[in-house]
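Novice: Got a predicted model here, sequence first, then my questions.
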Amino acid sequence: MGKPAHIGNPHGYPDYTWPMVWVLQDAELWPIEQWAAHVGVHKVWHVSWSQAAAGETSQGLYTVPAGKLVYVIHYISASDQPGVHRLVWTPPDTRPFEGPVAASNPIVIPWAPPLTVSAGKTIYVSILNRGSVTANDYVTVLAFELDA
């Protein structure tokens with residue numbers, strides 16, 4: 001049982017909820033993804049291509065400018081053939097996601113906290129088609145960019 005009830009803790013709640021300080025606030029609270037969209041610092045990259053059987057293709061999405069940080073919050077990819085999908089940035093070769101994808105079975109990866117990509121690095125996506133026919137591949141990366 002918590003502390004006995006008194007003027008500073010009228011309900012006798014346990015110590016981990018008391019004492020609390022309530023501060024009035026004039027502005028709304030926004031989750032970071034909504035705030036980034038609201039102020040216009042969000043980034044959305046969507047690429048699609050056809051990939052030959054047993055072939056691999058990488059596509060550069062964005063190079064982070066000086067003085068900025070990119071926070072990657074979602075990676076979404078799909079293909080109509082089995083394969084290996086990767087999210088990569090260089091230099092150096094960093095692969096926060098590399099995994100198999102089944103045919104017609106999209107992958108959605110939300111990162112919380114977001115992945116941080118610093119200035120001078122280039123974000124790529126790469127897909128290896130393990131199917132025996134040409135694949136139609138789709139990748140979407142959602143992020144926001146702030147001053148470093």
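Specialist: Yes, it's here.
Novice: S48 and N105, how far apart?
Specialist: 17 Å (CB to CB, to the nearest Å). C-beta coordinates here come from the backbone N, C-alpha and C atoms, glycine included.
Novice: Look up phi and psi at W35.
Specialist: Backbone torsions for W35, taken as degrees, to the nearest 10, come to phi -60, psi -40.
Novice: in which helix or strand would I find the most centrally placed residue in the chain?
Specialist: Per CA atoms, centre = their mean, the C-alpha nearest to the average position across the chain is that of I73, at 1.7 Å. Element membership for I73 (DSSP states H and E) is strand 68-79.
Novice: For that strand, buried residues please.
Specialist: By neighbour count with 16 or more other CB atoms under 10 Å, strand 68-79 contains the buried residues 69-75, 77-79.
Novice: now do stretch 77-95
Specialist: By 16+ other CB under 10 Å, the buried positions in stretch 77-95 come out as 77-83, 85-89.
Novice: Just the endpoints, please. Distance across stretch 92-110?
Specialist: Distance between the two ends of stretch 92-110: 23 Å, counting by CA to CA, to the nearest Å.
Novice: for that stretch, the distance to its chain's centre please.
Specialist: Counting by CA atoms, centre = their mean, to the nearest Å, stretch 92-110 is centred 12 Å from the centre of its parent chain.
Novice: And the contacts of that stretch?
Specialist: Contacts of stretch 92-110 from elsewhere in the structure, counted by CB atoms under 8 Å, 6 or more residues apart in numbering, are 72-88, 111, 115, 121, 131, 138.
Novice: change it to 7 Å
Specialist: If you take CB atoms under 7 Å, 6 or more residues apart in numbering as the criterion, stretch 92-110 is touched by 73-88, 115, 131.
Novice: same thing with stretch 133-148?
Specialist: By CB under 7 Å, 6+ apart, the residues outside stretch 133-148 that reach it are 36, 41-53, 61, 67-81, 83, 87, 119, 123, 125, 127, 129.
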